[in-house]
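Colleague: Show me how the following folds:
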Amino acid sequence: MSVAVLGGGAFGTALAVALSQRGPVTLWCRAPAQADDMANRRVNERYLPGCTLPADLTITADLTAAADAKILLLAVPMQQLGRFARDEASHLDGKILVACCKGMDLRSGAGPVETLAQHCPTARVALLTGPSFARDIARGLPTGLTLACADAGLGETLQHQLATPALRLYRTTDVIGATLGGALKNVMAIACGATIGAGLGESARASILTRGFAEMQRLALLKGAVPQTLAGLSGFGDLVLTCTSEQSRNYRFGLAIGRDEAFDASMTVEGAATAQAAARLAQREGIDLPITSAVAGLVEKRLDVAQAMDALLSRTLKEE
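Modeller: You can find the predicted model right below:
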C-alpha cells in the first residue's frame, strides 16, 4: 500500500526517512517554503539537521496529492490534531489513518485515535507510539514501537506494511492503554526533569518515575486498559526513555522548570497540556494522581518545585 506522512517536523521526517526503505513515500509539509527547501536541499535543516533525505522521498505542500496514499501517518502535535482533522476531513475521511502523536487534548481530554474518529467517522484509525527519538529512527537505529488498533486485522496489515529492518512493531488492540501510556509518560518526564533540574537527586527521580508509573496504571485501568499494555513499550518502555534523556523535550522542559530558566516557547511539550487534562479527569473520576496534579500546578504556575515536592512528601504514609 502507498504511504504518506503528514507533518514535516522531526518525528514525521524521521518516519518518512525510515519508511522510504520499503518503497516510495510522500512527506507533506504545511509550509510551501519548507517543502521547497527540503526538496531542493534534501535535508530538514530546522527539525532534523544532518539527516539526508532519500532520493525516493517525495516532499510536497500539496495535501491533495499526499492524501492520495492508502495509508496516512499523521505526525501532527496532539493539541493541533483536532483542528487539523476537522479542517482537512475531506482529505482524511475514509482513509487508513495512523496517529503518530502522544497526549490528551486539553479541552476534550480525548486521545489521538478518539480525536480522529470524531472528525473522520469513516476512517480506519490506529496509533503508533512507544519509546523513540526522531534522530534514532532517521539514523536507522533499532527501535521498537507499539501499533495499537481496535481492528485486529487492520492492525496486523499495518504492522507488516510499516515495519522495517530496524523499526520493529508490536501490535495490540488495547488502544486505551497505548494512548494513556504514551500520554502520561510525558507528564512524568516533566516531573523527573524538574526533580533533576532543582538538584533533588537521582534517588528522588527514581521515586518519581516509579510512583508515576503507578499513577499511569491507576488511570489507565480505570479507563478500561489492559494491565499488560502499561508494562510494554507504550507504557513502561516509553516512560524510562523519556524520563532519563535530555533528548526528550518534556524532560528538558522539566529541567528548565527546576532550574527556573526560560524554555523555548516554539517547542512542542505535549506533557504540559496532558498534565492539565489528566488532572481534571482525575478530579472528575475521584482518583488520586498526586504527581500529575503537581505537574499541572507547575505548568499553570500555581506551584514552584519546592511547593510541589513538599506537597508530595507530606502525604500520609501508606503501603506501596
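Colleague: quick check: longest helix of this structure.
Modeller: For the chain, the longest helix by residue count, based on DSSP state H, is helix 175-197.
Colleague: Work out the gap between that one and the centre of the chain.
Modeller: How far helix 175-197 lies from its chain's middle: 10 Å, per C-alpha atoms, centre = their mean, to the nearest Å.
Colleague: immediately after it, which helix or strand?
Modeller: Following helix 175-197 in sequence order, the next helix or strand is helix 202-222 (DSSP states H and E).
Colleague: Any buried residues in that following helix, and which?
Modeller: 204-205, 207-209, 212-213, 215-221 (16 or more other C-beta atoms under 10 Å). In this view, the C-beta of every residue, glycine as well, is placed from N, C-alpha and C.
Colleague: on that earlier part again, how far off helix 202-222 does the longest helix of the chain point, in degrees?
Modeller: 160 degrees (axes from the mean of the first three to the mean of the last three C-alpha atoms, to 10 degrees).
Colleague: And for A273, the neighbour number?
Modeller: 23 (other C-beta atoms under 10 Å).
Colleague: With G9 instead?
Modeller: G9, neighbours per other C-beta under 10 Å, totals 20.
Colleague: quick one: it and M38 touch, right?
Modeller: No. Between G9 and M38 there is no contact, the gap being 11.7 Å when judged by C-beta atoms under 8 Å.
Colleague: Give me the common contacts of the two.
Modeller: By C-beta atoms under 8 Å, 6 or more residues apart in numbering, G9 and M38 have no common neighbours.
Colleague: Look up how far D304 lies from the most centrally placed residue in the chain.
Modeller: Per C-alpha atoms, centre = their mean, the C-alpha nearest to the average position across the chain is that of K102, at 2.6 Å. K102 sits 27 Å away from D304, going by C-beta to C-beta, to the nearest Å.
Colleague: thinking again about what came up before, what's the average pLDDT for the longest helix of the chain?
Modeller: Here helix 175-197 scores 98 as its mean pLDDT.
Colleague: Output that helix as CSV, restricted to C-alpha atoms.
Modeller: What follows is helix 175-197, C-alpha atoms only, in CSV (Å, rounded to 0.1, in the frame of the first residue of the first chain):
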residue,chain,number,x,y,z
VAL,A,175,-5.9,1.5,22.1
ILE,A,176,-6.8,2.9,25.5
GLY,A,177,-3.7,1.5,27.3
ALA,A,178,-1.4,2.5,24.5
THR,A,179,-2.9,6.0,24.3
LEU,A,180,-2.6,6.7,28.1
GLY,A,181,0.8,5.2,28.4
GLY,A,182,2.2,7.4,25.7
ALA,A,183,0.3,10.5,27.1
LEU,A,184,1.1,10.2,30.8
LYS,A,185,4.8,9.3,30.4
ASN,A,186,5.3,12.8,29.2
VAL,A,187,3.8,14.2,32.4
MET,A,188,6.2,12.1,34.4
ALA,A,189,9.1,13.2,32.3
ILE,A,190,8.4,16.8,33.2
ALA,A,191,8.3,15.8,36.9
CYS,A,192,11.6,13.9,36.6
GLY,A,193,13.2,16.8,34.7
ALA,A,194,12.1,19.3,37.4
THR,A,195,13.5,17.0,40.1
ILE,A,196,16.9,16.8,38.5
GLY,A,197,16.8,20.5,37.5
